[in-house]
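J.: turn this into a model:
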Amino acid sequence: MEDLSPAVLGDLWQRMLLIRRVEEQVIHFATDRADLLTGNYHVYVGQEATGVGVCRVLHTGDLVFTTHRNHGHLVARGAEPGRVLAEIIGRVDGYNRGRGGTFHVAAPDLGVLHTSAIVGGCVPLAAGAALALKRRGGSAISLAFFGDGSLEEGATYEGLALASLWKLPVLFVCEHNGAAPAARSGGEAATSSHPSRRLADFPASLGIPSRVVDGVDLRSVHAAASEAIASIRSGGGPVFLEVRTTGWPGNRGGAAVLPGGDFDLAWAWNPHTAPPELQAWTAESDPVARLANQLVGSGAFSRAELETIDGQVREQTAAAARFALASALPAPERALQHVFA
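T.: Residues are numbered from 1 along each chain as shown. The predicted model follows:
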């Protein structure tokens, strides 16, 4: 397993912070202007350590399938923020020429072949891709990111069962974002309508090695993903990770708000200065704030150094937003381009 040096941890923290800033920009697109982003959208705030920790272990030829909460996964995989934002607001310079929108951003050149707005829809796709990879030979794997609600869908169990039966090279990452802080390290977690309090019990019953991971801790996610992917590449078959986080208070069903404005890095050092509804979450459940504190506490970085990085990330995000806004809308007469039937 890769030893995460202070320099590497700093790079990963910067990637997590970039996801946070990009998602804040998405919220600004939706709330500051009425003409950019209408309808539902879902952001990845509070789950950044999962996408970054898992994608760090992937190789170039690996394939990724994800859900409606996809923006963070794309940026974690190396997507250009400007092209992601352009796609989200339906512009021609987006990854899918403005045809995918927020729910369907895909980047085939990065191995992100599909994102599905159907709950659980990416699980059988990832299993099918894993079957193709196995028949092709080699060490490439397939990866599915999905939420705990996917375990209420029958197609999810079909994908899990076939992956286990055929020992497919696929990693299932269930992002359980309703877990209380006390449950994140493996205890009981609140669920919506599941008969089991431990979601990892479901794939375990199908013969898939399963593990519960604290999704607020980047090191834990990276270690679990490294071990799982090494097993998969060696021919061990599928692995299931239940990665637990605590829902961000800014989520409002099918949209989001920014309580107190954009994330202030000073909240990491002094959570009590955050808006009241964010104070407990920032202190206990924010992966960006936690890793910032770890980096400073270990002496790897100073607060001033992280603030400088934050300034650079803010500038990068602002440039990405300008790129997206400068991109044209697709021409109406080209609406049927790329349509198969």
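
J.: which parts of the chain are strands?
T.: Using DSSP state E, the strands assigned to the chain run over residues 63-66, 112-115, 142-147, 170-176, 210-214, 239-244, 251-252, 255-256.

J.: number of nearby residues for the residue nearest to Ala30 when sequence neighbours are not counted?
T.: Spatial nearest neighbour of Ala30, chain neighbours left out: Leu37 (4.2 Å); criterion: C-beta to C-beta, 6 or more residues apart in numbering. For the C-beta atoms, the positions are set from N, CA and C on the backbone; glycine is no exception. Neighbours of Leu37 under the rule other C-beta atoms under 10 Å: 22.

J.: got a list of what Leu37 touches?
T.: Counting by C-beta atoms under 8 Å, 6 or more residues apart in numbering, Leu37 makes contact with Val26, Phe29, Ala30, Ile88, Ile89, Thr102.

J.: show me where the stretch 1-150 of the chain has helices.
T.: For the stretch 1-150 of the chain, applying DSSP state H, counting those that start in this stretch gives helices covering 6-32, 48-55, 71-77, 81-88, 122-136.

J.: list the helices and strands the second one packs on?
T.: With contacts defined as 3 or more C-beta pairs under 8 Å, 6 or more residues apart in numbering; DSSP states H and E, helix 48-55 has these neighbours: helix 6-32, helix 71-77, strand 142-147, strand 170-176, helix 218-233, helix 287-297.

J.: and the fifth one, what other elements does it pack with?
T.: This points to helix 218-233. Checked by 3+ C-beta pairs under 8 Å, 6+ apart, helix 218-233 has helix 6-32, helix 48-55, strand 170-176, strand 210-214, strand 239-244 packed alongside it.

J.: got those as CSV, with mean neighbour count columns?
T.: What follows is the helices and strands packed on helix 218-233, written out as CSV (neighbours: other C-beta atoms under 10 Å):
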stretch, mean neighbour count
helix 6-32, 20
helix 48-55, 29
strand 170-176, 28
strand 210-214, 22
strand 239-244, 26
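
J.: point out where the stretch 101-250 of the chain drops to low pLDDT.
T.: Low-confidence segments of the stretch 101-250 of the chain (pLDDT under 70): 179-180, 182-183, 189-194, 196.

J.: if you set the cut-off to 90 instead, what comes out?
T.: Low-confidence segments of the stretch 101-250 of the chain (pLDDT under 90): 116-117, 149, 152, 177-201.

J.: thought Thr60 was touching Ser139?
T.: No - contact criterion C-beta atoms under 8 Å: Thr60 and Ser139 do not qualify, at 11.2 Å.
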